[in-house]
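Asks: the sequence and its predicted three-dimensional model are supplied below.
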Amino acid sequence: MIARATFWQRFCRYPTAIVGLVILVLVMAVAFVGPIVYGGDPWAMVAAPFIWPGQDPAYPLGSDSMGRDVLSGLIHGARVSLFIGVAATCAAVLIGVLVGSAAGYFRGLIDDALMRFTEVFQTIPNFLFAIVLVAIFQPSITVICFAIAVVSWPPVARLVRGQFLTLRQRAFVESCVVIGMSTPRIIFTQILPNCVAPIIVTASIMVATAILLEAGLSFLGLGDPNVMSWGAMIGFGRQSLRTAWYLAAIPGIAIQLTVLAISFVGEGLNDALNPRLG
Amino acid sequence: MLEVHDLVVEAKVGDALIRLVDDVSFRLDAGGTLALVGESGCGKSMTALSLMRILPEPAVRIGAGRIELEGEDLVQVSESRMCKVRNSAISMIFQDPMASLNPVHTVGRQIVEAIRSHRDVPKPEARRLAIELLRSVHLPDPEKRIDYYPHRLSGGMCQRAMIAMALASRPRVLIADEPTTALDTTVQAQVMALLKSAQRETGTAIILITHNLAVAADAAQNVAVMYAGRIVESGPAREVFRAPRHPYTVGLLQAVPDGADIADGAEIPPLTEIPGNVPRPGLARRGCAFAPRCPRAQPRCAEERPDLVLQDGGPRAVACFFPHEAVLR
């Protein structure tokens, strides 16, 4: 057998992927451990308003217009942003996989119907659609995740459908039919594992998009009013953009770094999981 | 045991219905082997797929006929019943063994799944059975190889694993669709020997689909030669190959190099080819489909289609108005 580079060896060939992974791990560490180490309520008005970063050692990143600790907000917001990114992506992947696999496996009328349905969703501008959904229901983390999932599943469905269309032609699917395996089992235990790699890659990029979507919603005041997220912080900072630009810039940089890191990791995964390279 | 009566397989192209398999009938006895031979596109594989009811529907479907397995008509049964039949009574192995195994699961897992899909045994027991099966198909070192992914096995090993999977359900009929075509010549012989010994042990009947006449002659008791969707000659393999009567069978046999000539080191006589090509299915035609390529064709052949008729009441049947004489070649 030819020695093949392992997944990690291939992943590590891309310096950007490693940088992305390091940043992502840091963000995740902050999200998980941060609120425990750096406790306190991010909503609490603890200091004088508009302390600039570095002005007061007790508040390294300053305070906002209502005297809330920016660092505390950033740390708690990491958790919310990442959670929404991951949860919304999971939901979107679930919908996309169900629709795409059914369309690709059964073909014919079912495929036509499901794909037209998917296209309806694709033609509506994502962000506007998400705004409408959140506006109709009350903004809460669940609704926001749901809204983001609803607007972002179509690419997954199309991807999975494409994979299924080619995979279901392969002889191994026929040999599963031949041993009397049921259709759902063939779909989920035989074909689906064959398209995990592209799904993972797409999902990693979708996490980044979901974080951005959530930030956009929060910026417009459509975030969950009970949780501190990065997007909400930018929204609060908006009113004082000219006098205290750091209020919007700091969470903005956090979002940018995280999204960039996830994109890098996604690209690294794409190359590492692609059997045709390496 | 398995009787196929007047099977018609149709493909829908636009509004037209094209017959890919046209009035095919044959029977297979328990423990027997029937070879379906013919050129590419003659309908052998479609016949096999329709026996399993895995035609690429709705584009291609069974148009008419009966497929009776132990008295049960498989054309009529529900899909869920067919699932059970596939599970227990009929099994199939395919041409390309490497493609027939799922690349993301180990060989063992796939055989275990095949075993557990028809027998209620716990996983460790199924694994033990799987190792036994792999040993019975002479896969070397089965304890280790059971945990290999398919890409680590050679084509021959994969085909052994496929045969093990197909035999896991102890089927009464095993359909082997070009089981050796993708393999090296030396491995071909091993795989055929394996199929034969498996047949002796389990008593399964085999439908062997091949374009390789040597394989057919070696392995099958009965043979049916197909041309353009129809059986043109059938009978005991030995007799059909010794004394072919249909001009098409004669042509096929003349197109095969004779091993004896090569061994003698003598000048190899040029192979005789059959002029022309297999007709495209669906071309409206009267008369015998082989007539345009047939050296013995008469005006009648272009007008009327010969039926497959038994010769001298014996086991042999030929669909030809002017068959070759029944003399040994």
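Replies: Yep, that arrived.

Asks: switch to C-alpha atoms for all contacts and neighbour counts from now on
Replies: Will do.

Asks: and the helix or strand harbouring residue B:217, how far from the chain's centre?
Replies: Residue B:217 is part of helix B:213-219 when elements are defined by DSSP states H and E. In terms of Cα atoms, centre = their mean, to the nearest Å, the centre of helix B:213-219 is found 12 Å from the chain centre.

Asks: just the buried residues of that helix, please?
Replies: Neighbour-count burial for helix B:213-219, counted by 16 or more other Cα atoms under 10 Å in any protein chain shown, picks out B:213, B:215, B:216, B:217, B:219.

Asks: nearest to residue B:48 among those?
Replies: Taking Cα to Cα as the measure, residue B:48 lies nearest residue B:216 of the buried residues of helix B:213-219, at 15.7 Å.

Asks: burial measure for residue 157, as a count.
Replies: All of this refers to chain A. 28 (other Cα atoms under 10 Å in any protein chain shown).

Asks: wait, chain B was what I had in mind.
Replies: Residue B:157: 22 surrounding residues under other Cα under 10 Å.

Asks: if you skip the residues just before and after it, what's nearest to it?
Replies: Leaving aside its sequence neighbours, residue B:157 sits nearest to residue B:139 (Cα to Cα, 6 or more residues apart in numbering or on different chains; 6.4 Å).

Asks: now that neighbour: how far from residue B:154?
Replies: For residue B:139, the distance to residue B:154 equals 11 Å [Cα to Cα, to the nearest Å].

Asks: cool, residue B:129 as well?
Replies: Distance, residue B:129 to residue B:154, using Cα to Cα: 22 Å.

Asks: quick one, which of residue B:139 and residue B:154 is more surrounded?
Replies: Under the neighbour definition other Cα under 10 Å, residue B:139 and residue B:154 were set side by side, and residue B:139 has more, 21 against 13.

Asks: residue contacts, the more buried one?
Replies: Residue B:139 makes contact with B:157, B:160, B:161 under the criterion Cα atoms under 8 Å, 6 or more residues apart in numbering or on different chains.

Asks: mind pulling up the pLDDT for it?
Replies: You'll see residue B:139 listed with a pLDDT of 88.

Asks: could you look up the SS state of it?
Replies: coil (DSSP: H, G, I helix; E, B strand; the rest coil).

Asks: residue B:183 versus that one, what's the distance?
Replies: Counting by Cα to Cα - residue B:139 and residue B:183 are separated by 15 Å.

Asks: and if you look at residue B:153?
Replies: Counting by Cα to Cα, the separation of residue B:153 from residue B:183 is 13 Å.

Asks: so between those two, which is more surrounded?
Replies: Regarding residue B:153 and residue B:183, a neighbour count based on other Cα under 10 Å identifies residue B:183 as having more, with 19 against 16.

Asks: verify the stated contact: that one with residue B:155.
Replies: Yes: using Cα atoms under 8 Å, residue B:183 is in contact with residue B:155, at 6.4 Å.

Asks: may I have stretch A:12-26 exported as CSV, CA atoms only?
Replies: Provided in CSV are the C-alpha atoms of stretch A:12-26 (Å, rounded to 0.1, in the frame of the first residue of the first chain):
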residue,chain,number,x,y,z
CYS,A,12,-0.7,21.3,8.1
ARG,A,13,0.6,21.9,4.6
TYR,A,14,-1.3,25.1,4.5
PRO,A,15,0.1,27.8,6.8
THR,A,16,-3.1,29.8,6.6
ALA,A,17,-5.1,26.8,7.8
ILE,A,18,-2.9,26.6,10.9
VAL,A,19,-3.2,30.3,11.6
GLY,A,20,-6.9,30.0,11.2
LEU,A,21,-7.0,27.0,13.5
VAL,A,22,-5.0,28.8,16.2
ILE,A,23,-7.2,31.8,16.2
LEU,A,24,-10.3,29.7,16.2
VAL,A,25,-9.1,27.7,19.1
LEU,A,26,-8.3,30.9,21.0
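
Asks: what residues does that stretch touch?
Replies: A:11, A:257-258, A:260-269.

Asks: in contact with the residue in the stretch 51-200 of chain B that chain A sits nearest to, which residues?
Replies: Nearest residue of the stretch 51-200 of chain B to chain A: residue B:100, at 3.8 Å (Cα to the nearest Cα). By Cα under 8 Å, 6+ apart, the residues touching residue B:100 are A:170, A:171, A:172, A:173, A:174, A:175, B:94, B:162.
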